[in-house]
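Q: no sequence for this one, just the structure:
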């Protein structure tokens, strides 16, 4: 449900940067989205078509780069992908891990003309 | 030929900036503030209801209640002794955000309070992403929800400053493996302050109230 304000925010960031670059048109937005970010790309796509209407980003494509979650065990420093059943380190069984990837949610770049 | 312009901007920046402004406003008034998050039915409102009478004569408390609709929770907080209770209806949104909290703060004279309790919308996913500007985030888990929640909502369990395990009086009746639950918590949030308690029997509430008082008097 929160994807509407989030999509508006993506549009605003893109338009601000396009304006600074004196761009005529935004052709693509490159978004990085971590597995743990709890954002839904289909939903952003759906709202995008509504919020971008009548702007220079109207026809832009949304490209999502998905980043899998990665934890690093703070005991043996093994890096692993957590599952929804197991979070402890598969190598040493240690608890106390750092999330090193998967929380990203950013607009990386835009393609403009 | 399109040109690529690097942006690298966190999409939730606008909310994060507003959250910082909220925190500055709360700090300026010398108030300690918490954001309570939980799934629906975990006992956020019951916790506030049971906590307020125990804080009477200790802390002056304001409660901001977020809900999709109705003012049931804010009414319950007022009845339990909150000096002010503000209802924020999110109009269908699944979480409070910094703009909504700012609107609520504008209705309060913060200098009249020691503790601000923000009760977020019942939801284990979205509130974790939207900072409000409170000092601490408190997660209320509850025994009947099951022991797998830390595994399913790692982002939420990781980001909290205190964890309440509510409804411990039901432990004999449900299949809740405390060690499995705690193991999930410890992976992502080692050493997090934890309060097992029961809003129904009152067991464990004293430690939680002590934590609030200690933080508010700092």
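A: Yep, it's here. Everything numeric in this text was worked out from a predicted model, so none of it was measured.
Q: what pairs with residue B:141 across the strands?
A: Note on residue B:141: beta-bridge partners by DSSP bridges are residue B:165.
Q: List the contacts of it.
A: Residues near residue B:141 by Cβ atoms under 8 Å, 6 or more residues apart in numbering or on different chains: B:38, B:42, B:149, B:163-166, B:181. C-beta here means a position set from N, CA and C on the backbone, and glycine is covered the same way.
Q: at 7 Å instead, please
A: Neighbouring residues of residue B:141 by Cβ atoms under 7 Å, 6 or more residues apart in numbering or on different chains: B:42, B:149, B:163-166.
Q: Over to residue B:104?
A: Residue B:104 sits next to B:64, B:86, B:88 when contact means Cβ under 7 Å, 6+ apart.
Q: nearest residue to residue B:215 other than its sequence neighbours?
A: Excluding the flanking residues, the one nearest residue B:215 by Cβ to Cβ, 6 or more residues apart in numbering or on different chains is residue B:32, at 5.1 Å.
Q: can you give me the helices for the chain?
A: Looking at chain A here, since you left the chain open. Ranges of helices within chain A are A:3-20, A:41-51, based on DSSP state H.
Q: oops, I was thinking of chain B
A: Using DSSP H, helices in chain B cover B:13-28, B:44-55, B:72-79, B:98-105, B:149-152, B:154-158, B:178-188, B:205-216.
Q: what's the most buried one of the ones you listed?
A: helix B:154-158 (a mean of 23; mean count of other Cβ atoms under 10 Å in any protein chain shown).
Q: For chain A, tell me whether that helix is touching it.
A: Yes: Helix B:154-158 is in contact with chain A by Cβ under 7 Å from any Cβ of the partner chain, via B:154-155, B:158.
Q: Run through the residues of chain A sitting next to chain B.
A: Applying Cβ under 7 Å from any Cβ, we find that chain A lies next to chain B at A:1-2, A:6, A:9-10, A:13, A:17, A:21, A:27, A:36, A:38, A:82, A:84-85, A:87-88, A:95-97, A:99, A:103, A:105-113.
Q: let's see 6 Å
A: Residues of chain A found near chain B (Cβ under 6 Å from any Cβ of the partner chain) are A:1-2, A:9-10, A:13, A:17, A:21, A:27, A:36, A:38, A:84, A:87-88, A:95-97, A:105-113.
Q: Of these, keep whichever come out buried.
A: Among those, those classed as buried by 16 or more other Cβ atoms under 10 Å in any protein chain shown are A:1-2, A:9-10, A:13, A:17, A:27, A:36, A:38, A:87-88, A:95, A:97, A:105-112.
Q: Please narrow those to those residing in strands.
A: Among those, DSSP state E puts A:27, A:97, A:105-112 in strands.
Q: near chain A, anything from stretch B:193-204?
A: No: using Cβ under 6 Å from any Cβ, we find that stretch B:193-204 stays clear of chain A, coming within 13.9 Å at best.
Q: Any idea how far apart the tips of that stretch sit?
A: Stretch B:193-204 has its terminal residues 13 Å apart, counting by Cα to Cα, to the nearest Å.
Q: quick one: the residue lying closest to residue A:90 once chain neighbours are set aside and residue A:87, what's the gap?
A: Nearest residue to residue A:90, sequence neighbours excluded (Cβ to Cβ, 6+ apart): residue A:80, at 5.5 Å. Relative to residue A:87, residue A:80 is positioned 9 Å away (Cβ to Cβ, to the nearest Å).
Q: repeat for residue B:116
A: Residue B:116 sits 32 Å away from residue A:87, going by Cβ to Cβ.
Q: List just the nearest of the residues of helix B:154-158 next to chain A to chain A.
A: Comparing the residues of helix B:154-158 next to chain A against chain A with Cβ to the nearest Cβ picks out residue B:155 as the nearest, at 4.7 Å.
Q: quick one, what contacts the closest one?
A: Residues near residue B:155 by Cβ atoms under 6 Å, 6 or more residues apart in numbering or on different chains: A:36, B:128.
Q: Return the per-residue confidence for it.
A: On pLDDT, residue B:155 comes in at 85.
Q: what's the spacing between it and residue B:124?
A: Residue B:155 sits 9 Å away from residue B:124, going by Cβ to Cβ.
Q: so who does the residue sitting nearest the centre point of chain A touch?
A: Chain A has residue A:33 as the residue nearest its centroid, 2.2 Å off, counting by Cα atoms, centre = their mean. The contact partners of residue A:33, taken as Cβ under 6 Å, 6+ apart, are A:39, A:64, A:66, A:105.
Q: Could you do residue B:89 as well?
A: With contact taken as Cβ under 6 Å, 6+ apart, residue B:89 is in contact with residue B:69.
Q: Beta-bridge partners for it, please?
A: Beta-bridge pairing for residue B:89 (DSSP bridges): residue B:67.
Q: near chain A, which residues of chain B show up?
A: B:2-11, B:14, B:94, B:125-126, B:151-152, B:155, B:183-184, B:186-187, B:190.
Q: Return the helix or strand in chain A with minimum mean pLDDT.
A: When each helix and strand of chain A is scored by mean pLDDT, DSSP states H and E, strand A:97-101 comes last, with a mean of 90.
Q: Taking helix B:178-188 as reference, get the angle to it.
A: Here the directions of strand A:97-101 and helix B:178-188 differ by 50 degrees (axes from the mean of the first three to the mean of the last three Cα atoms, to 10 degrees).
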